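*Asks:* Whatever this is, show me its structure:
(4 chains)
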There are 2 protein chains.
Amino acid sequence: MGRMVGIKDVAQRAGVSVGTVSNVINRPETVARATRERVQAAIELLGYVRSESARQLRAGRSRIIALLVLDMANPFFVDLATGAERAAREAGLGVMLCNSAQDPAEEAEYLGLFAEQRVRGVLVTPADPEGHTLRAFGRHGIPYVLVDRTAAGEESCSVSVDDVEGGALAVRHLLEGGHRGLVYVGGPPHLPQVQDRREGALGALAEAGLPAGALVRVDTERLDVASGRDAGARLLGMSPRPTAVFCANDLLALGVLQTLFAAGVSVPGDIALVGYDDIEFAAAAAVPLTSVRQPAHRMGRMAAELLIEETGEDAGRHEHRRVVLRPELVVRASSMPPRHP
Amino acid sequence: MGRMVGIKDVAQRAGVSVGTVSNVINRPETVARATRERVQAAIELLGYVRSESARQLRAGRSRIIALLVLDMANPFFVDLATGAERAAREAGLGVMLCNSAQDPAEEAEYLGLFAEQRVRGVLVTPADPEGHTLRAFGRHGIPYVLVDRTAAGEESCSVSVDDVEGGALAVRHLLEGGHRGLVYVGGPPHLPQVQDRREGALGALAEAGLPAGALVRVDTERLDVASGRDAGARLLGMSPRPTAVFCANDLLALGVLQTLFAAGVSVPGDIALVGYDDIEFAAAAAVPLTSVRQPAHRMGRMAAELLIEETGEDAGRHEHRRVVLRPELVVRASSMPPRHP
DNA sequence: CGAGTGGTGTGAATCGATTCATGACAGGGT
DNA sequence: ACCCTGTCATGAATCGATTCACACCACTCG
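*Replies:* The predicted structure is shown next:
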């Protein structure tokens, strides 16, 4: 493979200056037709591909936005990524997808990468509870949009779903089913998502005139299936055994379901189960899972659009916005009311 | 936010030339200690971050490898990506993760992006049955490694799993369970994975002295859960009803499982079910799924390592290699032999 | 006829880091 | 005193595309 063909080679071949070639590519209307066609032909002939790095160097920033998610193994984030990617592509931007795996150290490491790449901006679901990473983004002048998390102050845009409402939806549904002994299986308690969903759950209890003590809390280390299996085992050991369980996400719920099933506990007969996120596998579980649906795809798309607006040509007037979407309860077999209440 | 601080600012601040700053960063041992420390201090003070685009421009290629997978919604590919990412990061390279969604057009579009970015190389699970995209990679001088697919000729490395063997493992297991009426639920028949697994299945039948006709084939449009649900419905309509089903991947199997369950067909009582990939959700299904495990993580890692070797400093002597890993059958409840054979 | 106008094309400067031939200087050996 | 060697630092050239002030030409209009 020989040397890369550059804009100069094209110019020479077409008998024009490099400036003209650049114009053909970026502002074709300013070039006379004959010339334009001659240049195009030379481009095809030589198989010229323009170098992004050279463009970037000149432009001062890249045409890439980064998406840093908490857990790529969670299909919810994959949906989110798909939405963001589509919006970015429509705007001619590339997406760099990264996984912090809920680890602040990983998150910090990516920060360096993003800074070196001069990414346009970052869509991020932060793993660091202290907010160090976010402040570092700010310090480096990297614009960011919070996803699945509400911005605290005025420092950035955010797109999130009303998790308090989501928690309330889930618990109201269970209460309507006649359940009184409830358990909330949450992940690491410091995650805002986990907190907010619990808060909503407590709110729903209060509405129904029940004490906060009616919601037993089971914490887990992570928000994944393995943790769900653990939690399931703990549920089995409880007495009196709860009749309804609300999980902070579907991965946990699937883990719980698996353990209960293996122990011969019927769902929903003995225990009703509600998850959160409505990932595709929730519907595909052998006992289809009732879940609180989040518009993941749309969230990703909106977040990307906000970032694009913030970093666009007319960047001048941009005000940080906080978009809050509404969750929706999807009722399936796992929480059908018991036949004999 | 002011102008980006560049290497010149650092040089000026530290009272040295730009060349020296560059040396401090890239070859610290060639710089006297006092100078080095002075420069480091200036870097910290100014918050200098070197520009990747400028480096790249000089170097002629980027420090990024691309990973183009068939379906990001399939956890198998997410595992694969994680493995590749880890290996790349250890070598100081970034990974750009892309999803062709089984669409050759998307695949072709990414090609352009990769060429402009001058990516180091690409790990790809091709969607295009004709191999156009691969040839285009070659034409652009972009090195690539096939993943989950065996290279046909000598033109590239590949890392794959022996799908013929995998198919045989699955069907041998079902035959041992006493099943004779088998169905193979495959996806788009042109995918090599789908073909090879079927071929292995047929081989296992032949070993047992059964005719190829003993394996009924059900094709689907895609390799996902929705297609699996479709296939499940078709299975229900068959008579005589099969007693064992082998699916080309776990997503299909989960879809089939769901439909069977909803129709009151017992798994494995009435129908035994085997999937492929052993994604985490296979074990987490309420009837844990027997599956053929592929070392996805390791595949990703090895592929990345091959690519890194191929494009490394000493690129001189590199011979294309074809690595073939062995699959492994993981038996779970969904295929336990019927109690009354 | 000269000035003005609009449509085209030019080429040098620029972005920021790397690299390398060159130079400055100190210390040791003869 | 002189040369040699080794250590450090320098600064100009380079990568490839973009941009912009300017030049050039053909025409039109007064």
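*Asks:* List the contacts of residue A:197.
*Replies:* A:163-164, A:166-167, A:170, A:184, A:186, A:246, A:248, A:276 (CB atoms under 8 Å, 6 or more residues apart in numbering or on different chains). Every residue, glycine included, has its C-beta placed from N, CA and C.
*Asks:* does it sit in a helix, a strand or a coil?
*Replies:* Under DSSP: H, G, I helix; E, B strand; the rest coil, the three-state class of residue A:197 is helix.
*Asks:* okay, it: pLDDT?
*Replies:* Here, the pLDDT recorded for residue A:197 equals 98.
*Asks:* Let me know the secondary structure of the residue nearest to it when sequence neighbours are not counted.
*Replies:* Distances taken as CB to CB, 6 or more residues apart in numbering or on different chains put residue A:167 closest to residue A:197, at 3.8 Å, once the chain neighbours are dropped. When classified by three-state DSSP, residue A:167 comes out as helix.
*Asks:* per-residue pLDDT, residue A:167?
*Replies:* 98.
*Asks:* How about residue A:129?
*Replies:* 83.
*Asks:* For it, list the residues it contacts.
*Replies:* Residue A:129 neighbours (CB under 8 Å, 6+ apart): A:104, A:190-191.
*Asks:* same thing with residue A:181?
*Replies:* A:214, A:216, A:240-244.
*Asks:* Put together CSV for those residues, with secondary structure on each row.
*Replies:* As requested, the contacts of residue A:181 are exported to CSV (three-state DSSP):
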residue, secondary structure
A:214, helix
A:216, strand
A:240, coil
A:241, coil
A:242, coil
A:243, coil
A:244, strand
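*Asks:* For the residue in the stretch 201-341 of chain A that chain B sits nearest to, which non-adjacent residue is closest in space?
*Replies:* As assessed by CB to the nearest CB, chain B sits closest to residue A:286 within the stretch 201-341 of chain A, at 3.5 Å. In this structure, residue A:286 finds its nearest non-sequential neighbour in residue B:286, 3.5 Å apart by CB to CB, 6+ apart.
*Asks:* what about residue A:200, which SS state?
*Replies:* helix.
*Asks:* on that earlier part again, filter the contacts of residue A:129 to the buried ones?
*Replies:* Among these, those classed as buried by 16 or more other CB atoms under 10 Å in any protein chain shown are residue A:191.
*Asks:* Sort out which of the contacts of residue A:129 are in helices and list them.
*Replies:* residue A:104 (DSSP state H).
*Asks:* Any chance of the contacts of residue A:129 in a markdown table with pLDDT as columns?
*Replies:* Converted to a markdown table, the contacts of residue A:129 look like this (pLDDT from 0 to 100):
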| residue | pLDDT |
| --- | --- |
| A:104 | 93 |
| A:190 | 90 |
| A:191 | 91 |
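*Asks:* Can you name the residues that contact the residue in the stretch 1-150 of chain A that DNA strand D sits nearest to?
*Replies:* Relative to DNA strand D, the nearest point of the stretch 1-150 of chain A is residue A:7 (2.8 Å; CB to the nearest atom of the strand). Neighbour list for residue A:7: A:18, A:21-22, A:48, A:50 [criterion: CB under 8 Å, 6+ apart].
*Asks:* Cross-check the residues you listed against DNA strand C and keep the overlap.
*Replies:* residue A:18 (CB under 7 Å from any atom of the strand).
*Asks:* Can you get me a residue count around whatever residue of chain A ends up closest to DNA strand C?
*Replies:* Ranked by CB to the nearest atom of the strand, the top residue of chain A for proximity to DNA strand C is residue A:19, at 2.5 Å. When counting by other CB atoms under 10 Å in any protein chain shown, one arrives at 10 neighbours for residue A:19.
*Asks:* rounded to a whole number, what's the mean pLDDT of stretch A:78-96?
*Replies:* 95.
*Asks:* quick one: contacts of that stretch?
*Replies:* A:63-67, A:69, A:72, A:97, A:117, A:119-120, A:123, A:147-148, A:279, A:296-305, A:308, B:72-73, B:78, B:94, B:96-97, B:99, B:113, B:117.
*Asks:* List the residues that contact residue A:77.
*Replies:* A:69-71, A:125, A:296.
*Asks:* any idea how far it lies from residue B:114?
*Replies:* As for residue A:77, its distance to residue B:114 is 24 Å (criterion: CB to CB, to the nearest Å).
*Asks:* Let me see the ranges of the strands in the stretch 1-150 of chain A.
*Replies:* A:64-69, A:94-99, A:121-124, A:144-147 (DSSP state E, counting those that start in this stretch).
*Asks:* DNA strand D contacts on the stretch 51-200 of chain A?
*Replies:* Checking the stretch 51-200 of chain A against DNA strand D by CB under 7 Å from any atom of the strand, the hits are A:51, A:54-55, A:57-59.
*Asks:* give me the subset of the residues you listed touching chain B.
*Replies:* The subset of these within reach of chain B, by CB under 8 Å from any CB of the partner chain, is A:51, A:54, A:57.
*Asks:* Could you report the pLDDT at the second one?
*Replies:* Per-residue confidence for residue A:54 comes out at a pLDDT of 97.
*Asks:* which residues of chain A fall in helices?
*Replies:* Under DSSP H, chain A gives helices at A:7-14, A:18-26, A:33-46, A:52-59, A:75-90, A:104-117, A:132-139, A:163-176, A:192-207, A:225-236, A:250-262, A:280-284, A:296-310.
*Asks:* Highest mean neighbour count out of those helices?
*Replies:* helix A:250-262 (a mean of 26; mean count of other CB atoms under 10 Å in any protein chain shown).
*Asks:* And for residue A:211, the neighbour number?
*Replies:* Neighbour number of residue A:211 under other CB under 10 Å is 9.
*Asks:* pLDDT score for residue A:4?
*Replies:* 88.
*Asks:* if I look at the nearest residue to it once chain neighbours are set aside, how far off is residue A:172?
*Replies:* Excluding the flanking residues, the one nearest residue A:4 by CB to CB, 6+ apart is residue B:60, at 6.6 Å. The gap separating residue B:60 from residue A:172 is 61 Å, by CB to CB.
*Asks:* before we move on, what about residue A:335?
*Replies:* Distance from residue A:335 to residue A:172, by CB to CB: 12 Å.
*Asks:* just residue A:88 next, same as before
*Replies:* 37 Å.
*Asks:* related to what we said a few turns ago, go ahead and confirm the residue nearest to residue A:197 touches residue A:200.
*Replies:* Yes: using CB atoms under 8 Å, residue A:167 is in contact with residue A:200, at 2.6 Å.
*Asks:* Common neighbours of the two, please.
*Replies:* Joint contacts of residue A:167 and residue A:200 (CB under 8 Å, 6+ apart) do not exist.
*Asks:* what about the residue nearest to residue A:4, how many residues close to it?
*Replies:* Residues near residue B:60, counting by other CB under 10 Å: 11.
*Asks:* The one 5 residues further on too?
*Replies:* Residue B:65 is surrounded by 28 other residues when neighbours are defined as other CB under 10 Å.
*Asks:* what's the answer for residue A:131, then?
*Replies:* Neighbour tally, residue A:131, other CB under 10 Å: 12.
*Asks:* Repeat that for residue A:319.
*Replies:* 8.
*Asks:* Distance of it relative to residue A:301?
*Replies:* Taking CB to CB, one finds residue A:319 at 20 Å from residue A:301.
*Asks:* go on, residue A:212?
*Replies:* Residue A:212 is 37 Å from residue A:301, by CB to CB.
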